[in-house]
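Trainee: got a structure for you, letters missing:
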């Protein structure tokens, strides 16, 4: 006896139903349009994570993994300095770095970026050289713990130093870091931070950078909407975006978060949006969960716009 496969996919069902209603056997233009309208939009590849800046400051690695898992947040960015309980620091030995990598690899949470505080604006040559070398060491750390992105700052302009000179200096420092990063399979995530971090200035710096491994990180500052407005400033760096952006309080009204999300989705950006929270709250896991849910609501709205 011949067995007939009666499994019908959702698309088959829609196709047959629409075809019957229209009295056609082939997919004409109108029928195809109806099918496309019935299908859900492609799911965004943007993911939500946590920067340990404040909310993860006193969480060691097991606690960080456990709390992020509870909150449904599966990407983290350790901030480096002696103040953080996770201990992801330059001082780690090779075996300790391997252990950090294994802990995250064995969990549902991954390290998606390392946040250094190194800045490329120092007018003093010795301080600039030290910052570049420290950033290179952080790139190696990032590689060793299974990550591939390092955050650095432009930071600021200085009295008695021409603005153009600082812009050129930052660009040359980024090129040096970018060449080093490329050899390790790393990205230098250049964050829009400090007085030199306005998006038009970031674009002016990037116009002088030749290394493709250097990318721009949005930092969700209200000044992003200055001048010709948010969309115009976003478009200046849209094609230069890092795999990481930093978010702050998604409930704040002084930043056009939904507009940013709309533009990111439209641009098919596929990185990690990390909550870098400066406030203190009594229940950080609950608050992180709520921030994730707010972000996902914005993504859903953008996809159906």
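Mentor: That came through, no problem. Keep in mind that this is a model prediction, so the values were computed, not measured.

Trainee: from here on, contacts and neighbour counts on C-alpha atoms
Mentor: Noted.

Trainee: pretty sure residue 116 sits in a strand.
Mentor: Yes - according to DSSP: H, G, I helix; E, B strand; the rest coil, residue 116 belongs to a strand.

Trainee: so how far is residue 97 from it?
Mentor: According to CA to CA, to the nearest Å, residue 116 stands 16 Å off from residue 97.

Trainee: avg pLDDT for the longest helix along the chain?
Mentor: Scanning the chain for the longest helix, with DSSP state H as the assignment, gives helix 163-184. Confidence for helix 163-184, expressed as mean pLDDT, is 98.

Trainee: what does it rub up against?
Mentor: Residues outside helix 163-184 that contact it (CA atoms under 8 Å, 6 or more residues apart in numbering): 120-121, 123, 132, 135-136, 139-140, 143, 154, 157, 187-188, 204-206, 208-214.

Trainee: give me the below-cutoff pLDDT ranges for the stretch 1-150 of the chain.
Mentor: 1-42 (pLDDT under 70).

Trainee: need the strands for this protein, in chain order.
Mentor: 47-51, 75-77, 110-111, 114-119, 149-153, 187-191, 214-217, 244-247, 272-275 (DSSP state E).

Trainee: make JSON lines out of the ones you listed and add distance to residue 261 and mean neighbour count.
Mentor: Listed next are the strands of the chain as JSON lines, based on distance: least, CA to CA, whole Å; neighbours: other CA atoms under 10 Å:
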{"stretch": "strand 47-51", "distance to residue 261": "12", "mean neighbour count": "24"}
{"stretch": "strand 75-77", "distance to residue 261": "18", "mean neighbour count": "24"}
{"stretch": "strand 110-111", "distance to residue 261": "23", "mean neighbour count": "22"}
{"stretch": "strand 114-119", "distance to residue 261": "23", "mean neighbour count": "22"}
{"stretch": "strand 149-153", "distance to residue 261": "21", "mean neighbour count": "26"}
{"stretch": "strand 187-191", "distance to residue 261": "18", "mean neighbour count": "28"}
{"stretch": "strand 214-217", "distance to residue 261": "14", "mean neighbour count": "26"}
{"stretch": "strand 244-247", "distance to residue 261": "11", "mean neighbour count": "23"}
{"stretch": "strand 272-275", "distance to residue 261": "10", "mean neighbour count": "24"}
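
Trainee: for the contacts of helix 163-184, which PyMOL command selects only the ones that are buried?
Mentor: Here is the PyMOL command that picks out the buried ones among those, judged by 16 or more other CA atoms under 10 Å:
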select buried, resi 120+121+123+132+135+136+139+140+143+154+157+187+188+204+205+206+208+209+211+213+214
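
Trainee: out of the contacts of helix 163-184, which sit inside helices?
Mentor: 132, 135-136, 139-140, 143, 204-206.

Trainee: in a markdown table: those, plus distance to residue 86.
Mentor: Below are the ones in helices among the contacts of helix 163-184 laid out as a markdown table (distance: CA to CA, whole Å):
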| residue | distance to residue 86 |
| --- | --- |
| 132 | 24 |
| 135 | 19 |
| 136 | 21 |
| 139 | 18 |
| 140 | 18 |
| 143 | 17 |
| 204 | 36 |
| 205 | 33 |
| 206 | 33 |
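
Trainee: from those residues, which is closest to residue 285?
Mentor: Distance to residue 285, by CA to CA, is smallest for residue 143 among those, at 28.4 Å.

Trainee: was I right about the closest one contacting residue 137?
Mentor: No - in this structure, residue 143 is not within contact of residue 137 by CA atoms under 8 Å, at 9.9 Å.

Trainee: most centrally placed residue in this protein?
Mentor: Among the residues of the chain, the one closest to the centroid is residue 244, at 1.8 Å (CA atoms, centre = their mean).

Trainee: ok, the residue lying closest to it once chain neighbours are set aside - contacts?
Mentor: Of all residues not flanking residue 244 in the chain, residue 272 sits nearest, at 4.9 Å (CA to CA, 6 or more residues apart in numbering). Listed by CA under 8 Å, 6+ apart, the contact partners of residue 272 are 46-49, 75, 112, 243-245.

Trainee: next one: residue 248 from residue 206, what distance?
Mentor: Remark: distance between residue 248 and residue 206 (CA to CA) = 24 Å.

Trainee: that should have said residue 302, apologies.
Mentor: Distance, residue 302 to residue 206, using CA to CA: 28 Å.
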